[in-house]
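Novice: Any chance you could fold what I've pasted below:
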Amino acid sequence: MGGGHSNHCEPDWHAIEQQRLAAESARRHAEEQQRRAEEAARQAREAAERAAREAEERRRREHEAHLAAERAAQAAREEAERIRREMEAAAYAARVAQEQAEARARAERERQEQMRRQAEEERERARIAEEAAKRAAIAAQEEEERRRKVREEEMRRAREEQAAAEEAARKAAEEARKAKEEREEVERQLREGIQPVVMPTASELRAAKEKIQYQDGVFHFAIAGVAGSGKSTLINTLCGMSNQDANAAPTGVVETTLEVGRYTNPNHTDQSAWYDVPGSGTLKIPDWQYFNSQGLYVFDCIIVLFNTRFTMTDQAILTNCRRFQIPTFIVRSKADQHIRNLMQEMGYDSDGELETKEGMYKAARDQFIAETHRSVRENLLQAQLPDQRVYIVSHKVMLGIVRDKSPKRTIDELDLLRDLHNEAYRSRKHSFGVPTGANVSSH
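Specialist: Coordinates of the predicted model:
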């Protein structure tokens, strides 16, 4: 072989060495980038799960790139391409790291903003608490002022009550003095035979109402009269009961009522109450004291019932009722019995002709009615009382009317029931269930 240059191309060892050094540098650079990426990934893992997954993927790719770099030692172009890809991956990692940094910065800003809001809220709560404390202090002062005024008001009232008590004591002493004088005057009148007018006190009124169980909205009827006049039987009749019913007022030949008894119609218990008042002949008190002793001044209406004769007790009841403005009804009971007695005196024969018996009944009835009206009118005139109607009734006939039957022989039974009903209605009380449509004839 001669001297001179050969045409055979030898490898460019310098270029290869440069490429190797560049690859080594790229590898070291990549490793440095990997270290930084791992550090960024570690921080990213704390921020979000998504960043952790992306960091793992990046490490996996870096590892593959590392293996590829070693394999690319013999292929520069492939290594260069790998380097290019690694550089792109590094750039991507840098972008990811930047995004993560920005995300952390945003999170930090949000945290700071939240802390700022919390601080503002805390300041606002402190301001509200301070205002509440001020209001509480003001309220405490106002409450103390109110209590002071209450104490002053209580002291003022105590002084007024003390003054009122002293005044009441003075008035009580004055009333006691007057009562003593009145008692002495009553005793004087009694010694002289004068019947005094005795007005009940407020406590006596309350006691009398409690005794009879007085109720607002209920009309209270009292039936008064001498013993044996048929008061209990009349109450049973007005309540729609016979004397043999379980809840009926007790009756008998002698006076059975020693205390005021209260009875109601089972069908109208909330409308009216009927009271059986003891007969004056059974009580050891004068006729003029009978009205007050039985508390008749609390009743809404009083029925003065008599059987044979109109007595001083009946006159005293009517007189006191006028004084207390209590409506009254004068009733004569046992009409059928009195008419039969007159018929016997006229020679009544039970075996006689029907026409004769009817004529005798009518004559005895008319005589009994006339004598009753005359007797009551004379007694009222004697007592200087205004004339008023007397109702003549038979308990048997009245019970038939109350039970919605149609008795044939009536006198004043239906009129009495209707007038009692109207009296209760005029007084703006409840009616007591008197039948208003009973078909009754007066023969």
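Novice: Please make it C-alpha for all contacts and neighbour counts, starting now.
Specialist: Will do.
Novice: who's in contact with residue 297?
Specialist: Listed by C-alpha atoms under 8 Å, 6 or more residues apart in numbering, the contact partners of residue 297 are 291, 321, 324, 326.
Novice: Drop anything exposed from the residues you listed.
Specialist: The neighbour count (16 or more other C-alpha atoms under 10 Å) marks 291, 321, 326 as buried among those.
Novice: distance of the second one from residue 97?
Specialist: Counting by C-alpha to C-alpha, to the nearest Å, the gap from residue 321 to residue 97 is 115 Å.
Novice: Over to the first one?
Specialist: The spacing between residue 291 and residue 97, counted by C-alpha to C-alpha, is 116 Å.
Novice: And the pLDDT at residue 85?
Specialist: Residue 85 is assigned 88 on the pLDDT scale.
Novice: for the one 4 residues further on, same thing?
Specialist: Looking at residue 89, its pLDDT is 91.
Novice: Quick check on it: phi, psi?
Specialist: For residue 89, the backbone dihedrals (degrees, to the nearest 10) come out as phi -60, psi -40.
Novice: and it, what does it touch?
Specialist: residue 58.
Novice: Return the distance of stretch 143-162 from the chain's centre.
Specialist: Taking C-alpha atoms, centre = their mean, to the nearest Å, the mean C-alpha location of stretch 143-162 is offset from the chain mean by 33 Å.
Novice: Pull out the buried positions in it.
Specialist: For stretch 143-162, it's none, nothing buried (16+ other C-alpha under 10 Å).
Novice: Give the rounded mean pLDDT of that stretch.
Specialist: Mean predicted confidence for stretch 143-162 is 91.
Novice: Contacts for that stretch, please.
Specialist: Against stretch 143-162 from outside (C-alpha under 8 Å, 6+ apart): no residues.
Novice: Using PDB, list the CA coordinates for it.
Specialist: The C-alpha trace of stretch 143-162 is given here as PDB (Å, rounded to 0.1, in the frame of the first residue of the first chain):
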ATOM      1  CA  GLU A 143     -84.400  45.300  85.500                       C
ATOM      2  CA  GLU A 144     -82.900  46.700  88.700                       C
ATOM      3  CA  GLU A 145     -84.800  49.900  88.000                       C
ATOM      4  CA  ARG A 146     -88.000  47.900  87.400                       C
ATOM      5  CA  ARG A 147     -87.500  46.000  90.700                       C
ATOM      6  CA  ARG A 148     -86.900  49.200  92.500                       C
ATOM      7  CA  LYS A 149     -90.100  50.600  91.100                       C
ATOM      8  CA  VAL A 150     -91.900  47.300  92.000                       C
ATOM      9  CA  ARG A 151     -90.600  47.500  95.600                       C
ATOM     10  CA  GLU A 152     -91.700  51.200  95.800                       C
ATOM     11  CA  GLU A 153     -95.100  50.200  94.300                       C
ATOM     12  CA  GLU A 154     -95.400  47.300  96.800                       C
ATOM     13  CA  MET A 155     -94.500  49.600  99.600                       C
ATOM     14  CA  ARG A 156     -97.100  52.200  98.300                       C
ATOM     15  CA  ARG A 157     -99.700  49.500  98.100                       C
ATOM     16  CA  ALA A 158     -98.800  48.100 101.500                       C
ATOM     17  CA  ARG A 159     -99.300  51.600 102.900                       C
ATOM     18  CA  GLU A 160    -102.600  52.000 101.000                       C
ATOM     19  CA  GLU A 161    -103.700  48.500 102.100                       C
ATOM     20  CA  GLN A 162    -102.800  49.400 105.700                       C
END
